[in-house]
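Undergrad: Return a 3D structure for these sequence lines:
(2 chains)
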Amino acid sequence: MTSLATGAETRNLGSPPPTPRRRRRRGYSTFRAVALAVIVIVFVAPLLWMLLSSFKTNVDIYDAAKTFTFSPTLSNYGNVLGRDNYFSFVFNSFWVAFCSTGLSLIIGVPAAYSMSRFVMHRSAMVVLLARIIPGVSLLVPWYFIFANLRLVGGFSVLIISHIFVALPLIVYIMMSFFDSLPTELEESAQVDGLTPIGAFTRITLPLSVPGIATSGILAFIFSWNNFMFALVLSGADTKTLPVAIFNFVSYASIDWGGLMAAAVIVTVPIMVIALFTQKYIVSGLTAGATKG
Amino acid sequence: MTVTVSKPNTAWTSYSDWANRHRKWLFAAPAMIIVGLLIIIPLAWTLYLSATDAEGSVRADHDFVGLANYLQVLTDTTRFWPAVGRTFYFTIGALVLELVFGMCIALLLWRPFRGERWVRVAILLPLVATPVAVGMMWRLIFDPNIGFANQLLGYVGIPPQPWLSGEATALPTLIFVDVWQWTPMVVLILLAGLTSLSDEPDEAARIDGASNWQRFWYVTLPLLRSTVIVAILLRSIDALKTFDILYATKGKGGGSFHEVETLNVYAYGLSFDYNDYGVASAVLIIFFLLIIAMMWLVTYRRKGKEQ
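TA: I've put the predicted structure just below:
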């Protein structure tokens, strides 16, 4: 009997006699299905609740009888995008994330390449220190240095501070990417007459597109989501979405419908990106996790 | 005899030769200089400020006070030490729950099944959501009067809870929010580790008659140790520094009783809500040393075990 078992069967639960084993396996797969359903509900339901509330009037939000049955309205989105001018915050967030990710890629990819190929672990630690250090400990000096340079409130200071978020991430992910990229191709390119830098730009870089996509997408998401740096360094014209949402509640009473609409506006773009680039995001978040 | 390759000796080729010879540092330097400038100068300045009585504006006159700020901070039992306690409570609470749930979910997802794609999408969503928006979302759900959490408790006959607005319940509620958002991260890391394991040790243990629990505890978990340590490192760094959800849900000072005021929130408040730069800098230096010490402890333990 046991010799007939396929790979798929032997992988699951294993206790010797066949009949109870099958029963236990069925028991396990039922348990597993229920557990997975619970997991999906726990992680997704709050987000759906946010979405649902963004289509309710404040009167309906306060009415427990209208939890699921209500007449949906777009007025919250109208208020947030029209009255509160959220389009400009969306643009600010996008522009800062786009510039800081682009610049970090230009600086970070060659650095990661060098640090991987020449095994510069101490130098890598300098860059990765940026990931460890608490942002607040740098913010007071940054604020005064950039205020002296008359940069606070402009885009450049936000982009610089977000490079600080994006760069270590890109270096970390790209280093583990280059570590796993074989060197044979660039070596043979050099034998064929390319300079080392030529081999990097013409051979290694085109091969690195998946890694660059991975680190770029993650850097963009981390910059988009960043709150603390923009909270201190942004001005009225350069406010990013997380800061705009935070300011939403500083007013006297909370406009829950509007707040949820604003929260949807900030999370939905990033979730759509995540849905289409799921593979890259997962490989980026788990980069270096299995090497030990 | 050295063999010289004849090349047109223009400025460009000599520049290109130089660049190729020094490519190691040419590539690495810009990133290191930018990060270095953004860290070293501010950190030195913070270190300097921590020894002064700077207040209001760092350009205002201030005097050198030596270690007085550190003394004041370290003997402060009303704000500083409770904040240290909350930081550890939050970090360890969130970390333990995330590891336990993360491991359970990773084991559930390990073997292929139908609809795997959708479950993976579901766990990715909290991970990429903007923390401030997540904080606002839970603020509505946990609202004592209109929130769905109390409505849900009402269905099963449990009296309403104060959640985020209760002095004792606010921090545990925020641990829950952190666990909700970051357990998926632990799942993804552990899953990557699990799929890289070979089946053979597990097979062997089963043939030898080990139970499921024994196989997990004595075979899978030890093989997964380095992955678990990576997960602990990454999560503890971020959990120690958690700011967004705390500040978004409770505002300045971590609520009216400072009930969720961790070291990061305390230092931020001293710096930007009260402009007390001297004391703030002292808190930050202590906080920074604490983080470095913890990182060193985790990585040192790992190295020690591998030898």
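Undergrad: domain parsing for chain B?
TA: B:11-49, B:76-306 (automatic domain parsing).
Undergrad: These into CSV, with extra columns for distance to A:Ser104?
TA: From N, CA and C alone the C-beta is placed, and that goes for glycine too. Formatted as CSV, the domains of chain B follow (distance: least, CB to CB, whole Å):
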stretch, distance to A:Ser104
domain B:11-49, 9
domain B:76-306, 18
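Undergrad: what's the most buried one of the ones you listed?
TA: domain B:76-306 (a mean of 18; mean count of other CB atoms under 10 Å in any protein chain shown).
Undergrad: need the residues of the stretch 201-307 of chain B near chain A, please.
TA: B:203, B:206, B:212, B:226-227, B:229-231, B:237, B:240-241, B:243-244, B:247-248, B:264, B:267-268, B:271-272, B:277, B:280-281, B:284-285, B:287-288, B:291-292, B:295 (CB under 8 Å from any CB of the partner chain).
Undergrad: Identify those among the residues you listed that sit within strands.
TA: Members of these lying in strands (criterion: DSSP state E): none.
Undergrad: The domains of chain B: which one's closest to A:Val40?
TA: Nearest to A:Val40, of all those, is domain B:76-306, at 4.4 Å by CB to CB.
Undergrad: And the helix or strand hosting A:Met175, what's buried?
TA: A:Met175 belongs to helix A:155-180 when assigned by DSSP states H and E. Going by neighbour count (16 or more other CB atoms under 10 Å in any protein chain shown), the buried part of helix A:155-180 is A:155, A:157-178.
Undergrad: Quick check: buried residues in the helix or strand just after that helix?
TA: Where DSSP H and E defines the elements, the next helix or strand beyond helix A:155-180 is helix A:184-191. Neighbour counts over helix A:184-191 (16+ other CB under 10 Å) mark A:Glu186, A:Ala189 as buried.
Undergrad: is helix A:184-191 anywhere near chain B?
TA: No. Residues of helix A:184-191 are not located near chain B by CB under 8 Å from any CB, the shortest gap being 10.0 Å.
Undergrad: for that helix, packing partners?
TA: If contacts are counted by 3 or more CB pairs under 8 Å, 6 or more residues apart in numbering or on different chains; DSSP states H and E, helix A:184-191 sits against helix A:196-199.
Undergrad: packing partners for the helix it packs on?
TA: Secondary elements touching helix A:196-199 (3+ CB pairs under 8 Å, 6+ apart): helix A:184-191, helix B:11-21.
Undergrad: Need the contact partners of the first one.
TA: I take that to be helix A:184-191. Contacts to helix A:184-191, defined as CB atoms under 8 Å, 6 or more residues apart in numbering or on different chains, come from residues A:Pro196, A:Gly198, A:Ala199, A:Phe200, A:Arg202, A:Ile203, A:Thr204, A:Leu207.
Undergrad: just for the stretch 51-200 of chain B, where's the confidence low?
TA: Scanning the stretch 51-200 of chain B for pLDDT under 70 picks out B:58.
Undergrad: Would you enumerate the residues in contact with the residue positioned nearest the centre of chain A?
TA: Geometric centre of chain A, nearest residue: A:Ile221, 3.7 Å, by CA atoms, centre = their mean. Contact analysis of A:Ile221 by CB under 8 Å, 6+ apart lists A:Ile270, A:Ile273, A:Ala274, A:Ile281, B:Val128.
Undergrad: Just the buried subset of those, please.
TA: With burial judged by 16+ other CB under 10 Å, the buried subset of the contacts of A:Ile221 is A:Ile270, A:Ile273, A:Ala274, A:Ile281, B:Val128.
Undergrad: which non-adjacent residue is nearest the first one?
TA: Leaving out its chain neighbours, the residue that sits closest to A:Ile270 by CB to CB, 6 or more residues apart in numbering or on different chains is B:Val128, at 5.2 Å.
Undergrad: Verify the stated contact: B:Val65 with B:Gly278.
TA: Yes. Shown here, B:Val65 and B:Gly278 form a contact pair, counting by CB atoms under 8 Å, at 7.1 Å.
Undergrad: my guess is B:Ile34 contacts A:Ile159, does it?
TA: No. Counting by CB under 8 Å, B:Ile34 does not reach A:Ile159; the two are 11.8 Å apart.
Undergrad: Would you mind getting the angle between the helix or strand containing A:Ile221 and helix A:155-180?
TA: Secondary structure assignment for A:Ile221, by DSSP H and E: helix A:209-225. Taking axes from the mean of the first three to the mean of the last three CA atoms, to 10 degrees, one finds that helix A:209-225 is oriented at 150 degrees with respect to helix A:155-180.
Undergrad: List the buried residues in helix A:209-225.
TA: Here helix A:209-225 shows A:211-212, A:214-225 as buried, counting by 16+ other CB under 10 Å.
Undergrad: Just checking the helix or strand just after that helix against chain B, any contact.
TA: Next helix or strand after helix A:209-225 toward the C-terminus (DSSP H and E): helix A:228-233. Yes. Shown here: helix A:228-233 in contact with chain B (CB under 8 Å from any CB) through A:Met228, A:Val232.
Undergrad: tell me what helix A:228-233 is packed against?
TA: By 3+ CB pairs under 8 Å, 6+ apart, helix A:228-233 packs against helix A:136-148, helix A:155-180, helix A:241-248.
Undergrad: quick one, which of those is nearest to A:Phe87?
TA: That would be, of these and by CB to CB, helix A:241-248, which comes in at 10.8 Å.
Undergrad: Could you check what's spatially nearest to A:Leu74, not counting adjacent residues?
TA: A:Phe55 (7.3 Å).
Undergrad: pLDDT score for B:Gly36?
TA: B:Gly36 carries a pLDDT value of 88.
Undergrad: Next: A:Thr19.
TA: 56.
Undergrad: cool, B:Trp12 as well?
TA: 78.
Undergrad: quick one: the closest residue to chain A within chain B from B:Gly102, how far?
TA: When distances are taken as CB to the nearest CB, chain B reaches nearest to chain A at B:Ser226, 3.1 Å away. From B:Ser226 across to B:Gly102, the span is 16 Å (CB to CB, to the nearest Å).
Undergrad: go on, A:Tyr77?
TA: Taken as CB to CB, the span from A:Tyr77 to B:Gly102 is 35 Å.
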